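> show me the folded form of this:
(chains A, B, C and D, ligands or ions: 6)
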Amino acid sequence: MPRIQVVPLLEIVRETPTTMTYRFRADLGGQPGQFLMVWIPRYDELPMALSYLGAVKGITVRDYGDATHALAAFTAGDRIGVRGPYGNVFRLEGQSVLAVGGGSGMASMIAAIEAFSQQGARVVTAAGAKNSEELLFVERANAAGEVHIATDDGSRGFHGFVPALADKLLARDTFQQVITCGPEKMMYAVVDLARKRGVPVQASLERYMKCGIGICDACALDDKLVCVDGSIFTGEELAESEDFGHFRRDKSGRRVPA
Amino acid sequence: MPRIQVVPLLEIVRETPTTMTYRFRADLGGQPGQFLMVWIPRYDELPMALSYLGAVKGITVRDYGDATHALAAFTAGDRIGVRGPYGNVFRLEGQSVLAVGGGSGMASMIAAIEAFSQQGARVVTAAGAKNSEELLFVERANAAGEVHIATDDGSRGFHGFVPALADKLLARDTFQQVITCGPEKMMYAVVDLARKRGVPVQASLERYMKCGIGICDACALDDKLVCVDGSIFTGEELAESEDFGHFRRDKSGRRVPA
Amino acid sequence: MVDLRTEIAGVALRNPTMLASGFLDETGGSMGRVYQAGAGAVVTKSVGPQPREGYPNPTIVELDAGLLNAVGLPNPGVIEYEHEVKRAHAAGAVVIGSVFGKDAEEYAAVAAKMSTYGVKAIELNLSCPHAKGLGTEIAQDASAVRDFTRTVKDVVDVPVFPKLSPNVQDIATFAIAAEEGGADGIVAINTLKAMAITPELKMPSLANKYGGLSGPAIRSIGVRAVYDICDKVHIPVIGVGGIGSGRDALEYIMAGACAVQIGTAILSRGLGVFNEISKEMAFLLEEAGFHSVPEAIGVAHA
Amino acid sequence: MVDLRTEIAGVALRNPTMLASGFLDETGGSMGRVYQAGAGAVVTKSVGPQPREGYPNPTIVELDAGLLNAVGLPNPGVIEYEHEVKRAHAAGAVVIGSVFGKDAEEYAAVAAKMSTYGVKAIELNLSCPHAKGLGTEIAQDASAVRDFTRTVKDVVDVPVFPKLSPNVQDIATFAIAAEEGGADGIVAINTLKAMAITPELKMPSLANKYGGLSGPAIRSIGVRAVYDICDKVHIPVIGVGGIGSGRDALEYIMAGACAVQIGTAILSRGLGVFNEISKEMAFLLEEAGFHSVPEAIGVAHA
Ligand SMILES: Cc1cc2nc3c(=O)[nH]c(=O)nc-3n(C[C@H](O)[C@H](O)[C@H](O)COP(=O)(O)OP(=O)(O)OC[C@H]3O[C@@H](n4cnc5c(N)ncnc54)[C@H](O)[C@@H]3O)c2cc1C
Ligand SMILES: Cc1cc2nc3c(=O)[nH]c(=O)nc-3n(C[C@H](O)[C@H](O)[C@H](O)COP(=O)(O)OP(=O)(O)OC[C@H]3O[C@@H](n4cnc5c(N)ncnc54)[C@H](O)[C@@H]3O)c2cc1C
Ligand SMILES: Cc1cc2nc3c(=O)[nH]c(=O)nc-3n(C[C@H](O)[C@H](O)[C@H](O)COP(=O)(O)O)c2cc1C
Ligand SMILES: Cc1cc2nc3c(=O)[nH]c(=O)nc-3n(C[C@H](O)[C@H](O)[C@H](O)COP(=O)(O)O)c2cc1C
Ligand code: FES
Ligand code: FES
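Ligands and ions are numbered 1, 2, ... in the order given. Purely as a prediction, here's the structure:
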């Protein structure tokens, strides 16, 4: 049996002006934080987090470059290929969790936010975006707990970057754990401030990927592989990293500024 | 994992002047009547019935041609390759069974004789051989039930061929089933007389084999394959056969007189 | 419902699954049975001018992902083989006669004889990887492929399908040569040169040491061969190598094959494999919006 | 206890398992980790003169019995790659530098540069089956293999190991040519030309359409290649293709290889595979009465 399943898209939901959710049935599991390799026929194969884990899976994709733009033109009934789930899982480690999401990073965290809340934890979400329209999964996070919002342009909530909002929340409240996903500079700030306050933190990293299964080295981060050792790393791991926040690998494997 | 297991010979027992039993441990099952493909390194790979089914398996081989002769010189510790078990199984179908064995044919039946007896059936064995020295597994058959003997030279028991002995036993006693293995002419006679008396009969046939797994057609009998449809056939199947008792296939696939 | 009928060089098939040469086809009884079990046609064991015993055992070894064999072209010879073809025909089978020889003339003589038995086509085994002097080297010399094909074509009236070896640099070159020689179709691929060693015995696992690899292991090699060939020739192609499901068969069809042959999968799926693969193909074709096999042929080239 | 140390053309290895080129060897961090996980040596990703992005995704497809890939030789270029080799060395790794180029001069230039990084040997990737103009055609022309090897040999001091393609009629011919060109050893085999099609999408599964097959599917093809090569040349051979257990490795060793490379098996067994295979080899060698790896090399030829 092939590892790739070709599935028709059942439903496509616009989440923000640049972000869509694609729903499909596939014969695969999936836990909070895991991702699929998604084949957009004739364009590319890309890693995408599972934003819905139930019987009808979902991925939530920002129209970013060529392939994701092509995907934005897909309609229900069109087919994509999926394989996975890959990567490790957000682990619940305390009774109160602060989830800090930036932009489409919320797509990787929303399943964890819901799962942690179902497991009885108190989950507070700090969701950031360029502007109010680009906020992702605020309702779902709200159903799972308290939500605080930051926008770069101040069009909703806190005016500024989400790490600053997170810092305020950490200052005034007690959290046993932080999880984060978003642009790497943002996560770098979040990991830094969580560590400074002694709160355990898990961050889901993004790197260019080819195989997704730990053989090609495309996703190398120091001596680790984001696809199999991650995509979620702990604050301790990241504190030791030379690459995190500073370098990534381009498609040729060159180490370039992140 | 390779399908062939290489096993050291644990014990070699001379059964008759021309026949030896080879014991070995192998990680395979085996039911009465089934056979293995036995690789005699540097010589040949041959089908051999399992004469012992327990933890320490056994095959019992007549020193017949080049390969079996070479095997006769093997000593404990020497290695052979085995794969299987292959073929179908002698089925118990009544409360009293007549087992008719000719020469090394007893090797294919002895496990059935013992198993049927253990399952509570009355098993009478008619064992035939050229002479008293060549009689095979008489003690084992004796421990499982009554044994009658026929030798071609009259050196022990009934003087004559075993089908004649079997006919006498069938005449004076009631059997619900006959099983047989031995030279094909002998089995032909046994099948014939059992059918004439209306007693269900199963015969284990020998044909030249290459694959043992139903793909090469070397062992064809009419439109059946001895390796997977047999080696055990019922009297009804054999009554319809054009080949049984008359033709076999040589190594080139030519149909030649049996 | 999807129409599974297909056609190769005028040979009509009730479905695109054929029995591959060398599997249950040394005897007419078995060929009839395979046909009745659902194959669209049966290809005979490769038959030569004389009876041939083949190599000593072990001749067949099961590996992780396929079968390694060096049976060495055992066959009863073309004269005796008439009975087998007759028996297969009596059971209703559509029979394609596979032949080999030591040179073009012997190929032609065997093919001519075989064609008198009423076979629907001749398959030229130009590609057995383990019998020295019998087809191996032939299939590795494109001009020989052309000449052999031409010589056989000159003496038979039925379509001629050379079967090509994958043990070459560029199989399409050989397909072009076959087409130039007048071939009515191409069969690809035969087994790959391979060897297994049994470390516990410190020796090769086959008596012949060398053998040919078939089964799932070679499927992607066969699909590529068919894809390449179909880019280069205009005659129909029959795909073979590692097909064990309707999906596998469709890989070959979409690569450009008109029909497929199945061998090693008999081991895992039994004789029902022909029927089952036909059904699986019909299901997948329907799902993909096709109404017949010909519609799907070669679509992966788009 | 069996002594697992072995040696190839003067390169001493703590055990005969090496990381195959193309697996976790684009970065020094990963190479160091693989070495620390137990590999006897690591072969770098094949590196060329310039940075190269490779092909678009999908580049890797998992099949029943192996992996199909068309990554297209992505690499950071030999200049940048110095950092990676340094990092691997810092982690203690024994590194063999794999190189490619568009012609003999480019091979030589890259090899010369690479050899200044302290690699223990140069592997010449003469055999990538899916990157046009980069090695593919080279490895299919025996005289080119000789000339390329000679040109590289002239500019480096470390041993040179051409890596050969199985996509040829007779791989031993190429090994002989490499030996004539002054090769210090041979690596065999690279991947087989292959293709997978996704019928549900009616298209090839790889963006590049064509790819190379690795993994269990090709093991018996690689064992045969090594066996053939060892019959024909006097230089050491490194076996690669489908090795996933100590038993598999011993097939290659008994066919004549001095050492083995492991790639695809990382997928099923993880990085522990090097250590585990070493242990399995030691166990089987001991059982077979051997005291060291060299004793077992080539015994299947007896
Ligand atoms: C584990 C993981 C989970 C992800 N989950 C999501 C998600 O849920 N939603 C979402 O919108 N995005 C997600 N991404 C990022 C997403 O894969 C890229 O943004 C997307 O590939 C951009 O592709 P493109 O072709 O449109 O852009 P391109 O124009 O091709 O590239 C733009 C940038 O996207 C990134 N990119 C391109 N191809 C890949 C690739 N194969 N692997 C990784 N990054 C790539 C690179 O940084 C590149 O510079 C995830 C990435 C990873 C590693
Ligand atoms: C299902 C089955 C179970 C058998 N069980 C036993 C058994 O328990 N004990 C026993 O002594 N014999 C058994 N035989 C017969 C045994 O396989 C042959 O007698 C043996 O192969 C002779 O080999 P050889 O090389 O010594 O003789 P050769 O000189 O090679 O051949 C002599 C004759 O043996 C037969 N033979 C040779 N090779 C094969 C082969 N590969 N397959 C089948 N027959 C072959 C042929 O009839 C041949 O003409 C069995 C055969 C079958 C089919
Ligand atoms: C045991 C065996 C015998 C074969 N004999 C022949 C033969 O006589 N002529 C031939 O053209 N191909 C022969 N082949 C090759 C098959 O016809 C086929 O090309 C190959 O097995 C690949 O198909 P598969 O993977 O479906 O088995 C043989 C293969 C096997 C395994
Ligand atoms: C993803 C991938 C990338 C590869 N890249 C290279 C390469 O850059 N240079 C090379 O010589 N071989 C390359 N190969 C071939 C391997 O080194 C090896 O020869 C082949 O995979 C067979 O070994 P295996 O079955 O253990 O994987 C690559 C193979 C794969 C699967
Ligand atoms: S994407 Fe290939 S190793 Fe991570
Ligand atoms: S021995 Fe091959 S089919 Fe029976």
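
> quick one: low-confidence ranges for the chain?
Using chain A. A:1-2 (pLDDT under 70).

> wrong one, I was asking about chain C
C:128-140.

> the helices in it, which residues?
If DSSP state H is used as the criterion, the helices of chain C fall at C:28-36, C:78-90, C:104-115, C:142-153, C:171-180, C:219-232, C:246-255, C:265-269, C:273-287, C:293-296.

> mind giving me JSON lines with these and columns for mean neighbour count and distance to chain B?
For the C-beta atoms, the positions are set from N, CA and C on the backbone; glycine is no exception. Listed next are the helices of chain C as JSON lines, based on neighbours: other CB atoms under 10 Å in any protein chain shown; distance: least, CB to the nearest CB, whole Å:
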{"stretch": "helix C:28-36", "mean neighbour count": "24", "distance to chain B": "3"}
{"stretch": "helix C:78-90", "mean neighbour count": "19", "distance to chain B": "5"}
{"stretch": "helix C:104-115", "mean neighbour count": "21", "distance to chain B": "15"}
{"stretch": "helix C:142-153", "mean neighbour count": "21", "distance to chain B": "23"}
{"stretch": "helix C:171-180", "mean neighbour count": "23", "distance to chain B": "25"}
{"stretch": "helix C:219-232", "mean neighbour count": "26", "distance to chain B": "17"}
{"stretch": "helix C:246-255", "mean neighbour count": "27", "distance to chain B": "18"}
{"stretch": "helix C:265-269", "mean neighbour count": "18", "distance to chain B": "6"}
{"stretch": "helix C:273-287", "mean neighbour count": "19", "distance to chain B": "11"}
{"stretch": "helix C:293-296", "mean neighbour count": "20", "distance to chain B": "26"}
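
> right, and those - which one's nearest A:Val147?
helix C:273-287 (42.6 Å; CB to CB).

> any residues touching that closest one, and which ones?
For helix C:273-287, the external contacting residues (CB atoms under 8 Å, 6 or more residues apart in numbering or on different chains) are C:1-2, C:4, C:15-17, C:19, C:34, C:37-40, C:243-250, C:253, C:262, C:265-266, C:269, C:291-293, C:295-296, D:199-200.

> rerun at 6 Å
For helix C:273-287, contacts defined as CB atoms under 6 Å, 6 or more residues apart in numbering or on different chains pick out C:2, C:4, C:15, C:17, C:37-39, C:245-246, C:249-250, C:265-266, C:296, D:199.

> could you dump the helices of chain C to JSON lines with distance to ligand 2?
Shown next, in JSON lines, are these (distance: least, CB to the nearest ligand atom, whole Å):
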{"stretch": "helix C:28-36", "distance to ligand 2": "17"}
{"stretch": "helix C:78-90", "distance to ligand 2": "18"}
{"stretch": "helix C:104-115", "distance to ligand 2": "27"}
{"stretch": "helix C:142-153", "distance to ligand 2": "33"}
{"stretch": "helix C:171-180", "distance to ligand 2": "35"}
{"stretch": "helix C:219-232", "distance to ligand 2": "30"}
{"stretch": "helix C:246-255", "distance to ligand 2": "32"}
{"stretch": "helix C:265-269", "distance to ligand 2": "18"}
{"stretch": "helix C:273-287", "distance to ligand 2": "25"}
{"stretch": "helix C:293-296", "distance to ligand 2": "41"}
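
> adding distance to B:Val56, write these out as a markdown table.
Listed next are the helices of chain C as a markdown table, based on distance: least, CB to CB, whole Å:
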| stretch | distance to B:Val56 |
| --- | --- |
| helix C:28-36 | 37 |
| helix C:78-90 | 43 |
| helix C:104-115 | 51 |
| helix C:142-153 | 55 |
| helix C:171-180 | 51 |
| helix C:219-232 | 41 |
| helix C:246-255 | 42 |
| helix C:265-269 | 29 |
| helix C:273-287 | 37 |
| helix C:293-296 | 54 |
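
> for A:Glu133, find the nearest of the ones you listed.
helix C:273-287 (39.0 Å).

> quick one: name the residues of the stretch 151-258 of chain A near ligand 5.
A:209-212, A:214-219, A:225, A:227 (CB under 6 Å from any ligand atom).

> now list the buried members of the residues you listed.
Buried subset of these (neighbour count, 16 or more other CB atoms under 10 Å in any protein chain shown): A:209-212, A:214-219, A:225, A:227.

> among the residues you listed, which lie within helices?
Going by DSSP H, the helices hold none of those.

> tell me the phi and psi of the residue minimising distance to the centre of chain A?
Nearest to the geometric centre of chain A sits A:Ser108, at 2.7 Å (CA atoms, centre = their mean). For A:Ser108, the backbone dihedrals are phi -80, psi -20 (criterion: degrees, to the nearest 10).

> if we can go back for a sec, so can I have JSON lines of the buried ones among the residues of the stretch 151-258 of chain A next to ligand 5 showing distance to D:Val237?
Output for those, formatted as JSON lines (distance: CB to CB, whole Å):
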{"residue": "A:Met209", "distance to D:Val237": "35"}
{"residue": "A:Lys210", "distance to D:Val237": "30"}
{"residue": "A:Cys211", "distance to D:Val237": "28"}
{"residue": "A:Gly212", "distance to D:Val237": "33"}
{"residue": "A:Gly214", "distance to D:Val237": "29"}
{"residue": "A:Ile215", "distance to D:Val237": "24"}
{"residue": "A:Cys216", "distance to D:Val237": "27"}
{"residue": "A:Asp217", "distance to D:Val237": "26"}
{"residue": "A:Ala218", "distance to D:Val237": "31"}
{"residue": "A:Cys219", "distance to D:Val237": "33"}
{"residue": "A:Leu225", "distance to D:Val237": "31"}
{"residue": "A:Cys227", "distance to D:Val237": "33"}
